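Asker: Predicted model, plus sequence, below.
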Amino acid sequence: MTGAIVREEIDVQSPLDQANSAPPVPARPSGPTWLVTPGIAPARFDTAVGSGAEVVLLDLEDSVPAGSKADARAAVLAFAGARTRRSDGPLLGVRINAVGGAEGLRDLAAMDEERRWPDLIVVPKVESGREIKAVVQATRGAPAPPKVWALIESPQGVVRLPGIVHAQGLAGVLFGAADYAAAAGCQLTSRAMWYPRAQLVTEAAAAGIPAVDSPFFSLDDQDGLRRDALEAVELGFTGKVAVHPRQLSVIAQAFAPSPRELQAARAVLAAAASAAKAGGAVTTADGVMVGPPLVEAALAVVRRAGHRPAVTTTSVTKVS
């Protein structure tokens, strides 16, 4: 019944107990900052790896002309094979060509034949779960199979999201705004992208996987990038792709909680802990009722900041 307050004692650990007793779990398994680099430009690969991005995505698709696909593939796989990733280094990803075409199949075949696999594979123009299934199957021969991500960049991909996000083996989804706008016949503006971005985040959250936002393409508009990145955070994206290293710091700042957000989150956690010690009654923090949804949200903010709350509770309060 809406508005009813029910106190429920539980035997399992509350979210706050879990935060203190379990090892810290990264809030974003792949990090919020992605940097895409053309696969035809191997001179940029080391620079990209040293840029501070948490995922470096070498592109074999849109940025590579048709006549240069083989050269780009060879350069990317040579780099993947020669590189030894440090524990504090970025993940190395490869955006292959669409698996519905010959070049995408060649990309996967070359990885298998040369035994050179990246940390993750991004599959472009995904419009069905079958495409993900095919790539996951192709990676099973790898010693450490790469994570498979789906790039959603068409109206068909958006309306078919329920069948895509639940594909077995899918690690996450990315949004491709430029291709989506071209296919939908709409402008590449924030307002025009609200619906597909919200749909992507919603479906990804329902499937329990992360969603990463499209690049912002105006390289000289740092204010526009900041607004776009903050909007991505507000929508629920877990990261954003950069097309140039100078965009990375703006994206990282947008996805990090502000001091005010962190202070508010700590207040919620402290209030929840005090309420639990007093018997689990509903309480407030800065005039806002504190219950499990707000506690979960506060935990997410604190984890985004890289901190673990020093609080423990033995019960939770449900507001239903």
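Answerer: Received the coordinates, thanks.
Asker: Show me the shaky parts of this structure.
Answerer: Counting by pLDDT under 70, the chain contains low-confidence residues at 1-30, 85-87, 258-259, 261-262, 264-265, 274-294, 296-301, 303-320.
Asker: Tell me where it has helices.
Answerer: Read by DSSP state H, the chain holds these helices, from start to end of the chain: 15-21, 45-49, 69-82, 102-114, 129-138, 155-159, 161-165, 177-184, 190-207, 222-235, 248-255, 259-277, 292-304.
Asker: want to throw these into TSV with distance to residue 147 and mean neighbour count?
Answerer: C-beta here means a position set from N, CA and C on the backbone, and glycine is covered the same way. Converted to TSV, the helices of the chain look like this (distance: least, CB to CB, whole Å; neighbours: other CB atoms under 10 Å):
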stretch	distance to residue 147	mean neighbour count
helix 15-21	24	16
helix 45-49	18	18
helix 69-82	14	18
helix 102-114	14	17
helix 129-138	10	19
helix 155-159	19	18
helix 161-165	14	19
helix 177-184	22	17
helix 190-207	14	18
helix 222-235	21	17
helix 248-255	20	19
helix 259-277	29	19
helix 292-304	20	18
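Asker: Out of those helices, which is closest to residue 89?
Answerer: When the helices of the chain are ranked by proximity to residue 89, the top entry is helix 45-49, at 6.7 Å, counting by CB to CB.
Asker: neighbours around the spatially closest residue to residue 71 that is not a sequence neighbour, how many?
Answerer: Beyond its immediate neighbours in the sequence, the residue positioned closest to residue 71 (CB to CB, 6 or more residues apart in numbering) is residue 40, lying 6.6 Å away. Applying other CB atoms under 10 Å, we find 19 other residues in the vicinity of residue 40.
Asker: Can you pull the phi/psi pair for residue 40?
Answerer: Backbone dihedrals for residue 40, given as degrees, to the nearest 10, come out at phi -90, psi 0.
Asker: For the helices of the chain, give me a markdown table that also has distance to residue 91.
Answerer: Output for the helices of the chain, formatted as a markdown table (distance: least, CB to CB, whole Å):
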| stretch | distance to residue 91 |
| --- | --- |
| helix 15-21 | 25 |
| helix 45-49 | 10 |
| helix 69-82 | 12 |
| helix 102-114 | 16 |
| helix 129-138 | 17 |
| helix 155-159 | 23 |
| helix 161-165 | 21 |
| helix 177-184 | 22 |
| helix 190-207 | 18 |
| helix 222-235 | 19 |
| helix 248-255 | 14 |
| helix 259-277 | 26 |
| helix 292-304 | 18 |
